[in-house]
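Visitor: Build me a model:
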Amino acid sequence: MQTFTKRAIDVTINWGKGDYGATPGPDILLTGHRVLAQVVYINGAQQATADLRIYGMTLNEINQCTGTNPNAYAVTGSRIRVSASTAKGSMAQIYDGQILRSFGEFNSQPEPCLLVSAQGAVIASAKPVAARSYSGSVDAATVCADIAKSMNLAFENSGVSVILDNPYFSGTDYTQLVACTDAANINFAVDRGVLAIWPKGGSRKAEVPIPVSPQTGMVGYPDIGSDRIFLRTLMNPDLALGRRMQVQSDLMPACGIFSIISVIHNVESELPGGAWFTEVQAVKEAMQ
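Guide: Numbering: from 1, shown residues only. Prediction:
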């Protein structure tokens, strides 16, 4: 059962300067505000998204955090990071991406708010880069590591070793990443500053599966599909794409180790009784 503990969400916005935000600006830290946030991660080529409403900001803060480009969807190089409080009292990052649009909503009386929509790899999907061409055989992990470096991401390889013959990839970094992982038939995720890859039917690096049970905050019973389960738990930033979780429930078919294929964080801070949940869809490892 959800407890009525005070929840906190910190939002950091940075408006980059120059082409595609080549020069970062100063961080704008928004803390102590009422924030309604939904963060969505889905396995595959779809980018991680975040949609936020931030209340209690001054007009000056809203002006600082509002895009001014004539094209509302122009790629500005703006970055947003979202952190949420944990049961241990610390803050944990649940999102790191780039802003698609940001503007003040002043008709939501009695309190205006800042609306923000973001995706995980906006710049990498728009910024032109040179094509990548490799002579002979090359490991797909080597290609992905090169793309991660170009995207300014850390690289995590969880056991991928797939040889590609004379591969050629064109387009943006993100287009090339999707093409490479498709050619190698592997999973990938851009997750909070990391490009992670792992085999189909496998999972990302982790010493032990993440425990999920009523004792750790699972709400109700999992729903069981033909090849997967769906469950809700109190917000848990450790639950991420490709991670393994070990489910314990009185519903025996839902018990076991599963690999996560989608994560949705619905969190609301400074709001008594507000949402503070993580919804997960997962499959048995061999079914990905």
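
Visitor: Would you map the helices across this protein?
Guide: 59-64, 122-126, 140-150, 173-184 (DSSP state H).

Visitor: Adding mean neighbour count as columns, could you present those in TSV?
Guide: Where C-beta positions appear, they are placed from N, C-alpha and C, glycine not excepted. Below are those laid out as TSV (neighbours: other CB atoms under 10 Å):
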stretch	mean neighbour count
helix 59-64	14
helix 122-126	21
helix 140-150	20
helix 173-184	20
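
Visitor: quick one: which of the ones you listed is nearest residue 220?
Guide: Residue 220 lies closest to helix 173-184 among the helices of the chain, at 34.9 Å (CB to CB).

Visitor: helices or strands up against the closest one?
Guide: When contacts are defined as 3 or more CB pairs under 8 Å, 6 or more residues apart in numbering; DSSP states H and E, helix 173-184 sits against helix 122-126, helix 140-150, strand 163-165, strand 168-169, strand 186-191.

Visitor: Now distance to residue 219 and mean pLDDT too, for these, in a markdown table please.
Guide: Converted to a markdown table, those look like this (distance: least, CB to CB, whole Å; pLDDT from 0 to 100):
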| stretch | distance to residue 219 | mean pLDDT |
| --- | --- | --- |
| helix 122-126 | 33 | 92 |
| helix 140-150 | 35 | 98 |
| strand 163-165 | 43 | 98 |
| strand 168-169 | 43 | 98 |
| strand 186-191 | 24 | 97 |
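
Visitor: so can I have TSV of the ones you listed showing distance to residue 27?
Guide: Formatted as TSV, the helices and strands packed on helix 173-184 follow (distance: least, CB to CB, whole Å):
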stretch	distance to residue 27
helix 122-126	18
helix 140-150	23
strand 163-165	39
strand 168-169	34
strand 186-191	21
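
Visitor: Out of those, which is closest to residue 228?
Guide: strand 186-191 (15.1 Å).

Visitor: List the strands paired with the closest one, with their directions.
Guide: strand 194-199 (antiparallel) (DSSP bridges).

Visitor: For the partner strand, C-alpha coordinates in CSV please.
Guide: What follows is strand 194-199, C-alpha atoms only, in CSV (Å, rounded to 0.1, in the frame of the first residue of the first chain):
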residue,chain,number,x,y,z
VAL,A,194,24.5,5.2,-21.4
LEU,A,195,24.2,3.4,-24.7
ALA,A,196,23.5,-0.2,-23.7
ILE,A,197,23.5,-3.2,-26.0
TRP,A,198,22.6,-6.8,-25.2
PRO,A,199,21.6,-10.0,-27.0
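
Visitor: Figure out how far it is from the centre of its chain.
Guide: 13 Å (CA atoms, centre = their mean, to the nearest Å).

Visitor: Same check on stretch 230-242?
Guide: Worked out by CA atoms, centre = their mean, stretch 230-242 lies 12 Å from the chain centre.
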